[in-house]
Every structure is written in structure tokens, then in C-alpha cells.
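**Q** pasting the sequence and the predicted coordinates here, then a few questions.
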Amino acid sequence: EAQVTQNPRYLITVTGKKLTVTCSQNMNHEYMSWYRQDPGLGLRQIYYSMNVEVTDKGDVPEGYKVSRKEKRNFPLILESPSPNQTSLYFCASSSPRGRGTETQYFGPGTRLLVL
Amino acid sequence: DQQVKQNSPSLSVQEGRISILNCDYTNSMFDYFLWYKKYPAEGPTFLISISSIKDKNEDGRFTVFLNKSAKHLSLHIVPSQPGDSAVYFCAASIYSSASKIIFGSGTRLSIRP
């Protein structure tokens, strides 16, 4: 089954304690992205990757890091989480089809609470 | 500054009637527009898209209309069904930056019996 998986699904942590949210896709997609969803703000892109070892900042990259060492994995790293990073996070993957990213598949989301 | 705006946070429509969800954008460089649907506790799923070279795209009960001069697009659902109750996100992208998508804040659609 084609899917994007994220782990953990729920996480409660404290300010300053480094954490990693994993994302993995089994569709051999080149593109992967991370988004955060906040009330009234919709989905905002944090980072994206167009292929292995190629990453770029989205709209809200501050406080986050990513890496893309393998095509299937795109972990999101919070080196020193702060309460304003409490949010619902989505990973997505897609394959370029000439234009547009309508084939974008989203993971189920990771709900993070930073105390 | 929100480049993609969905000014109606919620919409309630009777089952069987037409649902119309609206979206405005400010960046004239956007040339590809998408609608996503999201149920609680799930990730968004792609619904329908439209390129700026078109003004209408249909897929079953879903039709998206694009008015480039007004920088406005709308999603029509006819007839509305209970399973359509969800949050709908409008999104836009630029061809040269196909992996970078800007989302609106979403509209919660409720279909009442």
C-alpha cells in the first residue's frame, strides 16, 4: 500500500529537549515536504526536499532542521523545541509530473506539545 | 501576509444542495491551484486542481473555477453529500517552484441532513 508514515503520532516534550519526527514514504517519490498546521493559519511549509541531499527552506523554517540522506526518509529535527512549536505536523511526498504537485501524499500527522 | 486566503472559516449546506467554497490569492505568479480535503485525525488528500491556462476543471461532483483577473477560485460540490463534511484547503504554486505550495487557512464544510 502506497503511504507516508510519521512517527511518533503524538508527542509531549519540554522546552529545550531535542526531538526528531521521522517521515518515510514507500512510493519512490523525489519530493518531500514538512508542514505545520495551526488554527487560522492553515498549512505552512517548513522545509522541502527535491531529492537526496537537496533541501530548501519553506515559509517557516526557523527552529527546525531536516536531512535527506535516503530517498524514502525525511526526518524533521527540533534541536531546542519551544512552546511556539506546539503544532500539528504533516509530512508529504510527491513525484514531479511536468507541472504541479497534485500527486502529493500526506502522512497522518504528528501532534506535538512543547511545555 | 497571506498569499492565499479563504475568508470563510466555516460553511453549512443542506444535503443535496450545492456547496461553494471560495479562495482568493494575491500573487499573480501563481499558475497552478489545488484543493485538498481533510478529515479529522488524517492528513490532507488531494481533491482537484486547475492550471492557469484553464478557467474550469471538472471531476465528477467537483468543479473548480478560476477567475485570473479577479485572482479568485472556487470549488463547487454538487450534490453535497454527508461524506463531504471536512475541512477544505485551497493551495497555489508556481510552476518553476513546483514543490513549494502555499495553503489557505481552510474552510470547514458541514453537510446537514
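**A** Looks like it came in fine. Just so we're clear, the structure is a prediction, and the values are computed from it rather than from any experiment. Numbers count the residues shown, from 1 in each chain, chains lettered A, B, ... in the order given.

**Q** residues in contact with the closest residue in space to A:Ser33 that isn't next to it in sequence?
**A** The shortest distance from A:Ser33 to any non-neighbouring residue, by Cβ to Cβ, 6 or more residues apart in numbering or on different chains, is to A:Tyr48 (4.1 Å). Any C-beta I mention is one placed from the backbone N, CA and C, and that applies to glycine too. Taking Cβ atoms under 8 Å, 6 or more residues apart in numbering or on different chains, we find A:Tyr48 in contact with A:31-34, A:55-56, A:58, B:99-100.

**Q** please report the distance of A:Tyr48 from B:Phe30.
**A** Distance, A:Tyr48 to B:Phe30, by Cβ to Cβ, to the nearest Å: 17 Å.

**Q** make sure the residue nearest to A:Ser33 is indeed in a strand.
**A** Yes. Looking at A:Tyr48 with DSSP: H, G, I helix; E, B strand; the rest coil, it is inside a strand.

**Q** for it, list each beta-bridge partner.
**A** Per DSSP bridges, the residues bridged to A:Tyr48 are A:Ser33, A:Asp56.

**Q** now do the same contact list for A:Ser33.
**A** Shown in contact with A:Ser33 (Cβ under 8 Å, 6+ apart): A:45-49, A:58, A:74, A:91-94, A:104, B:99, B:101.

**Q** so what pLDDT did it get?
**A** At A:Ser33, the model reports a pLDDT of 92.

**Q** repeat that for the one 5 residues further on.
**A** For A:Asp38, the model assigns a pLDDT of 92.

**Q** got it, and A:Cys91?
**A** 96.

**Q** could you find the closest non-adjacent residue to it?
**A** Take A:Cys91 and drop its neighbours on the chain: the residue closest to it by Cβ to Cβ, 6+ apart is A:Cys23, 3.4 Å away.

**Q** extract the CA atoms of the helix or strand containing the one you found and return them as CSV.
**A** Using DSSP states H and E, A:Cys23 sits in strand A:19-25. Provided in CSV are the C-alpha atoms of strand A:19-25 (Å, rounded to 0.1, in the frame of the first residue of the first chain):
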residue,chain,number,x,y,z
LEU,A,19,13.5,15.6,19.3
THR,A,20,13.1,14.1,15.9
VAL,A,21,10.0,13.3,14.0
THR,A,22,10.5,10.6,11.3
CYS,A,23,8.9,10.5,7.9
SER,A,24,9.1,7.7,5.5
GLN,A,25,7.4,7.1,2.1
